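# Sequence and predicted structure are below.
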Amino acid sequence: MTAKEIIKETIIDTGKTAYNLSFDVLNAVQDQGEKTLNAVLDRTTWINGDNRKAVDTWIESVKNSQNNVKTVLDENFKTFERLLGGL
């Protein structure tokens, strides 16, 4: 195994794996939180109409932000791999 392969494996692959696992855990927590929140809101009579739309918009915003962060970090890993490829 060459030095470049060792660096790639230890730095990039390990970092990417840790990041993906962390992201998956955070997504699972967010999904469970969303289900719980929706179950509570479905039983709450005073949160309806525009209030419920606001909560749904907030939830969608959180999901979109998570996806944006994932996209940026995935691109950063690709850039880092290209940079290490020049070693």
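Perfect, thanks for sending it.

# where does the closest residue to Ile47 other than its chain neighbours land on pLDDT?
Distances taken as Cβ to Cβ, 6 or more residues apart in numbering place Leu41 nearest to Ile47, at 5.4 Å, with adjacent residues excluded. Every residue, glycine included, has its C-beta placed from N, CA and C. pLDDT for Leu41: 91.

# likewise the one 4 residues further on?
The predicted local distance difference test score for Thr45 is 85.

# cool, and the one 4 residues further on?
Reported pLDDT at Gly49 in the predicted model: 89.

# Just want the phi and psi numbers for it.
phi 60, psi -120 (degrees, to the nearest 10).

# From Ile6, how far off is Val25?
28 Å (Cβ to Cβ, to the nearest Å).

# got the contact list for Phe23?
Gln66, Lys70 (Cβ atoms under 8 Å, 6 or more residues apart in numbering).

# try 6 Å
Shown in contact with Phe23 (Cβ atoms under 6 Å, 6 or more residues apart in numbering): Lys70.

# Which positions in the helix or strand it falls within come out as buried?
Phe23 is located in helix 14-43, with elements delineated by DSSP states H and E. Across helix 14-43, burial judged by 16 or more other Cβ atoms under 10 Å covers Lys16, Glu34.

# Mind listing what's buried along the worst-scoring helix or strand of the chain on mean pLDDT?
The helix or strand of the chain with the lowest confidence, counting by mean pLDDT, DSSP states H and E, is helix 3-7 at a mean of 77. Neighbour counts over helix 3-7 (16+ other Cβ under 10 Å) mark no residue as buried.

# CA atoms only for that helix, dumped as PDB, please.
Included here for helix 3-7 are C-alpha records, laid out as PDB according to Å, rounded to 0.1, in the frame of the first residue of the first chain:
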ATOM      1  CA  ALA A   3       1.600   6.400   1.300                       C
ATOM      2  CA  LYS A   4      -1.000   8.100  -0.800                       C
ATOM      3  CA  GLU A   5      -3.400   5.200  -0.400                       C
ATOM      4  CA  ILE A   6      -2.800   5.100   3.400                       C
ATOM      5  CA  ILE A   7      -3.400   8.900   3.700                       C
END
